[in-house]
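**Q** have a look at this prediction, sequence included:
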Amino acid sequence: MTSTATTGTSNAGTKGVARADREAQIIDVACRVFGESGYAGTSVADIADAAGISKPLIYNYFGSKDGLYAVCTRHAAGVLVAEIERTAGSGTVGLARAVVTLDGMFRALAPQPWLWHLVNDSTAPRDGEIAEILDQHERRIFAFGEDGVGELLRLSGNDDRDDLLAMRAVWENVFRTLVTWWLDHPEETPEAMTQRCVRLFSAVFGEIAVVPSIL
């Protein structure tokens, strides 16, 4: 799991680079630095050094550390939600959908694991624009989780609202725990982790019919 950004050799601050490209380069590096070191542990100087640019350039483009962090958080949340939205539309149902969702997240995070840490940073500000972005991200994730869990319960003939809320809480914790465990074991490929999830779910719930292409 390696970054596509290069430390100390970026041309983000060189002349002749379009502003949009330069901003994208800075965001790429900043997402990695924020994700790896956390909001509290990262300074504008750290990001400037990693990107090979000057601090004034970052202030010129993003206004402040919080301004850059907000952009990075929005980007990271967008990537993760887009992946969950994609797998939600895959047509799989029940526990197979849970496996497909996890598999998609493993594959999306493999080249950029810091995105997960960025949207789950306990040191991030809990007010203002950043908090609003994170709250919106959480609501969208909850909505997808509720949809998937609701579908699973309906397949078993259960339409109890409190059961749905309880099971959603279970799924959210399982999902976060498995992704976090995987990120703590970088030697584990996305494919191997998906197979591990199938084994774990099968041990608890019985054999799971999953989409062959993900195994």
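**A** Thanks, I have the structure now.

**Q** now the helices for the chain?
**A** For the chain, helices defined by DSSP state H occupy the ranges 19-37, 44-51, 55-62, 65-88, 94-109, 114-119, 128-155, 161-183, 190-205.

**Q** could those go into TSV alongside mean pLDDT and mean neighbour count?
**A** Placement of C-beta: from N, CA and C, glycine included. TSV is the format used below for the helices of the chain (pLDDT from 0 to 100; neighbours: other C-beta atoms under 10 Å):
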stretch	mean pLDDT	mean neighbour count
helix 19-37	96	20
helix 44-51	97	20
helix 55-62	96	16
helix 65-88	96	19
helix 94-109	94	22
helix 114-119	97	22
helix 128-155	93	16
helix 161-183	96	15
helix 190-205	95	16
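
**Q** measure Arg139 to Asp127 for me?
**A** 17 Å (C-beta to C-beta, to the nearest Å).

**Q** then Asp66?
**A** Distance of Asp66 to Asp127, given as C-beta to C-beta: 10 Å.

**Q** what does Ala88 give?
**A** Distance from Ala88 to Asp127, counting by C-beta to C-beta: 31 Å.

**Q** repeat for Gly41
**A** According to C-beta to C-beta, Gly41 stands 19 Å off from Asp127.

**Q** tell me which of the two has more neighbours.
**A** Neighbour count, other C-beta atoms under 10 Å: between Gly41 and Asp127, Gly41 has more, with 12 against 7.

**Q** residue contacts, the nearest residue to the more buried one once chain neighbours are set aside?
**A** Of all residues not flanking Gly41 in the chain, Thr123 sits nearest, at 7.2 Å (C-beta to C-beta, 6 or more residues apart in numbering). Taking C-beta atoms under 8 Å, 6 or more residues apart in numbering, we find Thr123 in contact with Gly38, Tyr39, Ala40, Gly41.

**Q** regarding the closest residue to the first one other than its chain neighbours, what are the backbone dihedral angles?
**A** Right, Gly38. Nearest non-adjacent residue to Gly38, counting by C-beta to C-beta, 6+ apart: Thr123, 4.8 Å away. Per-residue torsions, Thr123: phi -90, psi 0 (degrees, to the nearest 10).

**Q** any idea how far the residue nearest to Leu183 when sequence neighbours are not counted is from Ala96?
**A** The shortest distance from Leu183 to any non-neighbouring residue, by C-beta to C-beta, 6+ apart, is to Pro113 (5.3 Å). Between Pro113 and Ala96 the distance is 25 Å, computed by C-beta to C-beta.

**Q** what of Ala76?
**A** Taking C-beta to C-beta, one finds Ala76 at 27 Å from Ala96.

**Q** equivalent analysis for Glu23, please.
**A** Noted for Glu23: a distance of 40 Å to Ala96, by C-beta to C-beta.

**Q** go on, Cys197?
**A** 11 Å.

**Q** same question for Ala192.
**A** In this view, Ala192 and Ala96 are 19 Å apart by C-beta to C-beta.

**Q** and Thr92, how many neighbours?
**A** By the measure other C-beta under 10 Å, the count of residues near Thr92 is 20.

**Q** my guess is it contacts Val100, does it?
**A** Yes - Thr92 lies in contact with Val100 (C-beta atoms under 8 Å); the separation is 4.8 Å.

**Q** how about the backbone phi and psi for Glu188?
**A** The phi/psi pair for Glu188 (degrees, to the nearest 10) is phi -90, psi 120.
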